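Enquirer: model the structure of this input:
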Amino acid sequence: MIGEIIEKNISLYQPSDDVVQLTKQVKEDYSQGDEILNKNWVELNNRSIVDDTNRGQMMFNAFVDDSYESREEAWRWRGTRSIARNKGIAMHANLTAAYLLPLFVAQNDNSEIDRGVSEVMRDIAEWMTSPTVSDYQNSFMQLVFSMEQNPVTYLGAEYCEVFQKVLTKIGEGYQSDYIIDEVLSGFKAPIFGPTEVLISNAYERDIQKHRFIIKRRWVERQEAQAKWGEHSNWYFVQDGIKSIYNNDDGLFYDVRDEEHPNLVSEETYLSRRDDAEIVFLGGIYMGGKNVEYNPIKHRDHRNAPKYNITPFGFYRIGDHFFYYKSMMNAMGWDNKLYDAMTEVVMNRAFLEVDAPIAVSGSDKIDSEIIFPRSVVTFEDKDTRVSKILPDSNMMAGFSALNDTKKSMEEASVNDTLGGQLPQASQKAYSVAQAQANAKRLIGGIAKSLASSITQYGDLMKNIILNHITVPQVEELVSGSMKLKYKTFTLDKKMIKGSMSNKIIRFDETLIGRKMSKTEARQKSLELLNESGYPKSKNVIIRVNPELFAKFKYLVKVDIEEMFVKNQEFMQAMLGNLYQMLRADPLVKAEELVRRLLNSYFQSEGDELVNSQPQNQMVPPPEGQSENQIGNIVESKQLQNVALSAVS
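Expert: Numbering: from 1, shown residues only. Below you'll find the model as predicted:
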């Protein structure tokens with residue numbers, strides 16, 4: 001959108017006046033966002049967003065300038081111990097022990113919570129983030145690494161339908177058809193770096209309140225053509241060329257992009273208040289014929305436009321500053337100090353091990369006579385060999401290194417949480433105290449991550465309601481059309497203490513239908529038979545799509561999900577619970593047994609559970625009749641099948 005016009009190569013692309021006026025406005029906003037990236041900010045120690053990003057990435061990548069000015073200096077150690085990077089890797093391991101997903105609370109018009117519908121929404125979100133459906137899990141792993149390096153990282157929530165051309169052989173010739181491109185279509189979770197998103201206000205943290213945002217990235221021509229090849233302006237798009245508007249004469253000029261000579265720049269301008277989303281490829285307008293009607297694609301349940309990216313960061317700076325302080329920024333000075341002190345200590349150690357000497361007298365002293373167990377007789381009685389450097393206190397240097405390392409542990413994670421065993425000299429209380437402090441620090445970072453995931457979950461919810469759960473038109477053999485809903489399958493879900501396959505089925509026959517309790521019970525029995533009970537481990541859930549879409553969904557995050565309890569802890573805890581609660585009439589004994597066995601044998605634990613004969617069941621509480629027990633047994637047989645969202 002912006003660039004310096006050096007050679008005035010007039011572009012073939014010269015659009016209409018309304019497109020020119022729009023381009024001028026977008027160019028002004030682009031310049032404003034670019035200025036925010038390159039301005040020095042007090043909150044970042046008078047560094048710009050670009051400089052802070054480069055500094056954090058070089059530190060995390062253990063960049064070392066190993067050049068030297070003279071051969072005399074070449075012997076010096078120039079390197080890094082990479083303490084900040086190692087702490088970052090340890091922090092990443094703790095924050096990504098599990099893939100963090102949002103939770104949903106479904107409420108009806110009376111603000112009443114429906115737990116069954118809430119669980120269905122959560123399950124669909126889990127399905128759409130699985131590796132076979134989207135790139136969310138890979139993006140989440142990279143996202144946490146980026147949080148540690150950059151002042152901000154953005155995670156996008158996109159849903160696309162892109163078609164690809166396929167050739168089918170017919171006789172001696174070929175026929176061209178178009179099918180859905182599964183690589184470019186569906187739910188996507190792309191990552192945008194700090195310099196790939198331009199914002200309008202550096203002191204507004206809520207990205208939805210920004211007047212505009214501009215997403216920019218560089219793609220291969222083939223990918224751009226898959227999305228925009230049918231547009232009338234595609235003819236003007238060139239690799240490595242930007243069409244820049246010149247305010248002086250009102251013309252567009254082609255400028256070569258030296259940094260990306262083989263790619264096409266894709267810049268997407270969004271303005272939520274104006275409901276505008278416009279794509280420029282290499283500066284060329286790719287919107288609709290009516291420049292005033294380019295609505296934002298991402299909408300909420302009220303059809304209101306929203307920006308489909310969420311900012312993530314390590315922790316906040318100041319009261320209102322949009323950008324974050326990265327982990328590399330927080331540990332930067334300590335990391336530099338540690339490397340500088342290491343350089344001093346190690347270089348001195350080199351001199352101590354292979355000390356330089358001073359020789360007085362006429363005898364020659366060199367490597368020919370200096371070797372292990374050599375015996376030398378000097379001819380000149382005045383020959384003397386002595387060390388040039390005085391003795392040094394190496395312990396002071398090592399003490400400074402330990403103090404610096406301790407300071408870095410206080411700002412991140414200690415060695416024990418990083419996977420190393422504590423030293424034998426350390427007391428158990430000291431180790432436990434250090435671990436508790438590190439966990440509190442990780443908990444604070446986790447809250448920052450959870451806050452952003454909550455915002456991102458709201459975008460996921462919109463995609464689920466507007467795209468994932470809407471019916472698709474299917475053509476029948478007779479030529480008539482039918483609406484078809486997707487079926488979602490999640491394997492190896494813990495349900496009622498047992499590992500089962502969960503099938504969520506949106507059923508159009510439930511739309512507008514009211515069912516009595518007897519009818520609902522009969523449908524549950526039919527699903528029970530369909531699932532193959534008791535041999536099969538499938539759980540089928542039928543959902544009324546109309547009622548599902550009418551619920552209001554609140555988003556939250558359970559931070560405890562980030563800290564997966566280790567297997568030994570769960571085994572001991574479940575074993576103790578089994579001893580205490582096995583005979584408690586308020587506890588479902590079979591489910592407790594299943595969870596205990598699952599902690600040892602995973603999914604194979606279900607095979608060790610026998611169906612309890614009625615005479616071996618836990619006696620009922622006092623005052624409970626046999627008829628009530630029969631109802632409990634019958635309910636137990638139906639507990640693996642749910643009928644959700646039926647009015």
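Enquirer: any idea how far the helix or strand containing G116 is from the chain center?
Expert: For G116, the element it lies in under DSSP states H and E is helix 115-128. Between the mean C-alpha point of helix 115-128 and the mean C-alpha point of its chain there is a distance of 20 Å (Cα atoms, centre = their mean, to the nearest Å).
Enquirer: relative to helix 115-128, how tilted is the helix or strand following it?
Expert: For helix 115-128, the following helix or strand on the C-terminal side (DSSP H and E) is helix 136-149. Calculated by axes from the mean of the first three to the mean of the last three Cα atoms, to 10 degrees, helix 136-149 forms an angle of 80 degrees with helix 115-128.
Enquirer: shouldn't R217 be within a helix?
Expert: No. Applying DSSP: H, G, I helix; E, B strand; the rest coil, one finds R217 to be strand, outside a helix.
Enquirer: sorry, back to before: so which elements touch the helix holding G116?
Expert: Contact here means 3 or more Cβ pairs under 8 Å, 6 or more residues apart in numbering; DSSP states H and E; on that basis helix 115-128 packs against strand 103-107, helix 428-463, strand 487-495, strand 498-506, strand 538-543, helix 545-550, strand 642-644. (Glycine included, C-beta is placed from N, CA and C.)
Enquirer: wait, what's in contact with the most centrally placed residue in the chain?
Expert: Centroid-nearest residue in the chain: F140, 1.9 Å away (criterion: Cα atoms, centre = their mean). Under the criterion of Cβ atoms under 8 Å, 6 or more residues apart in numbering, the neighbours of F140 are T96, Y99, L100, A189.
Enquirer: restricted to buried residues, select these in ChimeraX.
Expert: Only the buried members of the contacts of F140 enter the following ChimeraX selection, criterion being 16 or more other Cβ atoms under 10 Å:
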select :96,100,189
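Enquirer: would you turn the contacts of F140 into TSV with distance to N303, pLDDT and secondary structure?
Expert: Listed next are those as TSV, based on distance: Cβ to Cβ, whole Å; pLDDT from 0 to 100; DSSP: H, G, I helix; E, B strand; the rest coil:
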residue	distance to N303	pLDDT	secondary structure
T96	35	84	coil
Y99	30	84	coil
L100	29	86	coil
A189	23	94	coil
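Enquirer: for stretch 538-551, buried residues please.
Expert: Buried residues in stretch 538-551 (16+ other Cβ under 10 Å): N538, V539, I540, I541, R542, V543, N544, P545, L547, F548, F551.
Enquirer: what pLDDT does the second one get?
Expert: It refers to V539. Per-residue confidence at V539 stands at 82 (pLDDT).
Enquirer: how about the fifth one?
Expert: Per-residue confidence for R542 comes out at a pLDDT of 86.
Enquirer: pretty sure it is touching R505, no?
Expert: Yes. At 5.4 Å, R542 and R505 qualify as touching, with contact defined as Cβ atoms under 8 Å.
Enquirer: flag the shaky bits of the stretch 401-550 of the chain, pLDDT-wise.
Expert: Low-confidence segments of the stretch 401-550 of the chain (pLDDT under 70): 401, 403-404, 407-441, 474-481, 494-498, 515-517, 519-520, 522-525, 527-536.
Enquirer: let's see it at 80
Expert: When residues are selected by pLDDT under 80, those of the stretch 401-550 of the chain lie in 401-444, 472-483, 492-500, 512-538.
Enquirer: no further queries at this time; thank you.
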